[in-house]
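# turn this into a structure:
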Amino acid sequence: MDEYQIVELVKDRYRTGSIKADDNLLLNDRTIISDESYEHSYQHNPSINKQVIGYVNNDTTNFVSNLEFPILRWDFISYIYLYKKGYLIRGNSTFGPAPLPNLKYIIYCIMSSTEDTGITGYEFKDRLVIELLDLDVVANNLNLPKIMSSVLGPKLLSENNMKRHEFYEINEQMRSQKLFAGHTWDDAHDIVHLYFDEDERELSKEVLKISQAYERVFRPYRVVYNTKTWQPVVM
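Model prediction:
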């Protein structure tokens, strides 16, 4: 499947109301199953972990900024990448008991949850935004391999269970980098929120620079759908 086919597949699951809330996994046979279904299937067929090629997360928002820059409100990338590489976090089984070595895509979906136009008068009701990311490309752009090495060293050679504080350290280092036009992850999120949701229009030039950096870092394949017609639209 190419990027277009994957995004259309996910959109059709929304259109039919058959996608489950929160965490879902895309298999190489084009099926999408919830994390609970995956864990149940794993008990009977442990090799299913090698069939997983995508992680699908769905969410809702009241804010235009989250529709425009969805990944900035969400930082699961480090966790997913660590899981793919074989580091399992003790006490957390979101993706089951085994790594997902063939996981290639993150598909992040976010819908507008209100019919209000917001403070700025920006019309954003009836919208579904889907951004598809290549996990390895994004991880490299976020310097995750280097950060992982600095925190974990050669641990995977002898032990793949990672402590929570190690994960938090990796995530904090990832987010503290000034990759978004000289801003950290959190600062960039705050700026776009002020611009789109609090009508601070003097931030327009900074938001443009953040937008360009966002494209460079995440390289998203992005489609916005009207949830009344299910046709692609301009945001």
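
# all contacts plus neighbour counts: C-alpha atoms, from now on.
Fine.

# so what's residue 231 closest to, chain neighbours aside?
With sequence-adjacent residues excluded and distances taken as Cα to Cα, 6 or more residues apart in numbering, residue 231 is closest to residue 225, at 5.4 Å.

# give me the number of neighbouring residues for the one you found.
Using other Cα atoms under 10 Å, residue 225 has 19 neighbouring residues.

# where does it land in three-state SS?
Here residue 225 takes the strand state, with states given by DSSP: H, G, I helix; E, B strand; the rest coil.

# tell me the bridge partners for it.
On DSSP bridges, the residues paired with residue 225 through beta bridges are residue 128, residue 232.

# my guess is it contacts residue 131, does it?
No: Residue 225 is not in contact with residue 131 according to Cα atoms under 8 Å; the separation is 11.4 Å.

# before we move on, back to that, next up, the contacts around the residue nearest to residue 231.
When contacts are counted by Cα atoms under 8 Å, 6 or more residues apart in numbering, residue 225 is found next to 127, 128, 129, 231, 232, 233.

# which one of those is nearest residue 60?
Nearest to residue 60 out of these is residue 128 (Cα to Cα; 9.0 Å).

# ok, that closest one to residue 219 distance?
Counting by Cα to Cα, to the nearest Å, the separation of residue 128 from residue 219 is 19 Å.

# how about residue 101?
Residue 101 sits 21 Å away from residue 219, going by Cα to Cα.

# what about residue 100, how many residues nearby?
Residue 100 has 24 neighbours, counted by other Cα under 10 Å.

# any idea which helix or strand of this structure has the worst average confidence?
strand 161-162 (a mean of 78; mean pLDDT, DSSP states H and E).

# what comes into contact with the helix or strand following it?
Next helix or strand after strand 161-162 toward the C-terminus (DSSP states H and E): helix 164-176. Identification of contacts with helix 164-176 by Cα under 8 Å, 6+ apart yields 75, 78-79, 89-90, 142-144, 147-148, 151-152, 184-186.

# quick check: which helices or strands does the helix or strand just after helix 164-176 pack against?
Using DSSP H and E, the helix or strand that directly follows helix 164-176 along the chain is helix 185-197. Using 3 or more Cα pairs under 8 Å, 6 or more residues apart in numbering; DSSP states H and E as the contact criterion, the elements in contact with helix 185-197 are helix 64-68, helix 164-176, helix 204-218.

# for residue 95, find the nearest of those.
helix 164-176 (15.3 Å).

# list the buried residues for that closest one?
167, 170, 171, 173, 174, 175 (16 or more other Cα atoms under 10 Å).

# what does stretch 43-63 give?
Buried-residue list, stretch 43-63, by 16+ other Cα under 10 Å: 48-49, 51-60, 62-63.

# what about the residues you listed, which are in strands?
Of the positions in the buried residues of stretch 43-63, 52, 53, 54, 55, 56, 57, 58, 59, 60 sit in strands, assigned by DSSP state E.

# turn the residues you listed into a markdown table, columns for pLDDT and distance to residue 25.
Output for those, formatted as a markdown table (pLDDT from 0 to 100; distance: Cα to Cα, whole Å):
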| residue | pLDDT | distance to residue 25 |
| --- | --- | --- |
| 52 | 96 | 6 |
| 53 | 97 | 8 |
| 54 | 96 | 6 |
| 55 | 96 | 5 |
| 56 | 96 | 6 |
| 57 | 93 | 9 |
| 58 | 91 | 11 |
| 59 | 91 | 15 |
| 60 | 90 | 18 |
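
# closest one of those to residue 199?
The closest of these, once distances to residue 199 are taken by Cα to Cα, is residue 60, at 21.1 Å.
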